[in-house]
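1. Got a sequence here, can you build the structure:
(one chain, ligands or ions: 1)
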Amino acid sequence: MRKPLIAGNWKMYKTINEATKLVGGLKKELVDFNGVDIILLPAFTALYYVFQAIADSNIQLGAQNLHWEKEGAFTGEISPIMLKDCGCEYVIVGHSERRKYFGETDEVVNKKTKTALNVGLMPIVCIGETLEEREADKTMGVIEAQLSGAFKDFTADEIQGIVVAYEPVWAIGTGKNATPDQAQEVHKFIRGWISSHFSGEIAQELRILYGGSVKPNNIKELMQEQDIDGALVGGASLDVLSFSQIVKGAIAEKK
Ligand code: PEP
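-> Take a look at the predicted model:
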């Protein structure tokens, strides 16, 4: 049984003060709620404050990005060791906004994912097609290329325990979400790919999150799909009520 996972990507929002307030509200709403793994992904500046605020709670911490080297002359970058130092357990790799605005390629995603694993951070590897690619019927080809690039030269041991997030680019921050059927089709494809490149057992254990305008009113139907194990939530994670409703809605009977 794969435990549901809901991760809140705060993107470039929330000052330290705002972040700690949000955590305070979430802790109250989600106290003793242990059926779902809950991860918060604040901006770098708020990481350590959020780490302190979630102490002794059921909430875990992650970062939105990392550098592939552990240290060095890389002005403005953040080392994975520094993320661990701030209390992070997870890190997003290859978010579509990083790919689009900061030129992250599959090769970079591969290097960052390897480094994250080397230092003991659990990567949440994001993949997904653009609207143009979906309309040209290229979705599965794009997903396959992103999976092959991200996990190039990975061993079965390395792949174990990582998290994949399927985030169709056209659904991120647009209010348009993929239908549960559309998401399930791609999630099933991802699990099949992992099964044929690593093993059926690893594929069965892999958690695959859906991301793209997840809200309290659509989480339940998404979670009913066989291969949807949780969500990576952007906009709706910035508010106590909407994020806690999503977390609570993540426990659903599979179809
Ligand atoms: C995201 O940032 O990964 C995301 C899915 O954003 P939103 O929920 O706002 O579409």
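2. residues touching Gln226, list them.
-> Residues touching Gln226, when contacts are defined by C-beta atoms under 8 Å, 6 or more residues apart in numbering, comprise 184, 188, 254-255. For the C-beta atoms, the positions are set from N, CA and C on the backbone; glycine is no exception.
3. List the buried residues for the host helix or strand of Lys28?
-> Counting by DSSP states H and E, the element that carries Lys28 is helix 16-30. Applying a neighbour-count criterion of 16 or more other C-beta atoms under 10 Å, one finds 16, 19-20, 22-23, 26-27, 30 buried in helix 16-30.
4. need the residues you listed in JSON lines with pLDDT and distance to the ligand, can you?
-> Conversion of those to JSON lines gives the following (pLDDT from 0 to 100; distance: C-beta to the nearest ligand atom, whole Å):
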{"residue": "Ile16", "pLDDT": "98", "distance to the ligand": "21"}
{"residue": "Ala19", "pLDDT": "98", "distance to the ligand": "16"}
{"residue": "Thr20", "pLDDT": "98", "distance to the ligand": "21"}
{"residue": "Leu22", "pLDDT": "98", "distance to the ligand": "15"}
{"residue": "Val23", "pLDDT": "98", "distance to the ligand": "19"}
{"residue": "Leu26", "pLDDT": "98", "distance to the ligand": "16"}
{"residue": "Lys27", "pLDDT": "97", "distance to the ligand": "22"}
{"residue": "Leu30", "pLDDT": "95", "distance to the ligand": "18"}
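5. still on that earlier bit, wait, which of the contacts of Gln226 is closest to the ligand?
-> Nearest to the ligand among the contacts of Gln226: Gln184, at 17.0 Å, using C-beta to the nearest ligand atom.
6. Need the per-residue pLDDT for the closest one.
-> Among the per-residue scores, Gln184 shows a pLDDT of 98.
7. Phe198 now?
-> Per-residue pLDDT puts Phe198 at 97.
8. for the one 5 residues further on, same thing?
-> Listed pLDDT for Ala203 reads 97.
9. begin at 222 from here
-> Shifting the count to begin at 222 puts that one at Ala424.
10. Quick check: which element contains it?
-> Using DSSP H and E, Ala424 sits in helix 421-426.
11. And the strands in the protein?
-> Assigned by DSSP state E, the strands in the chain fall at 226-230, 258-262, 280-284, 311-314, 343-348, 384-387, 428-432, 451-454.
12. Could you single out the most deeply buried of those strands?
-> Most buried of the strands of the chain by mean neighbour count (mean count of other C-beta atoms under 10 Å) is strand 451-454; its value is a mean of 28.
13. So is that strand next to the ligand?
-> Yes. Between strand 451-454 and the ligand, judged by C-beta under 6 Å from any ligand atom, the touching residues are 453-454.
14. list the helices and strands that strand packs on?
-> The elements that strand 451-454 packs onto, with contact taken as 3 or more C-beta pairs under 8 Å, 6 or more residues apart in numbering; DSSP states H and E, are strand 226-230, strand 428-432, helix 440-444, helix 461-470.
15. Thanks a lot, catch you later.
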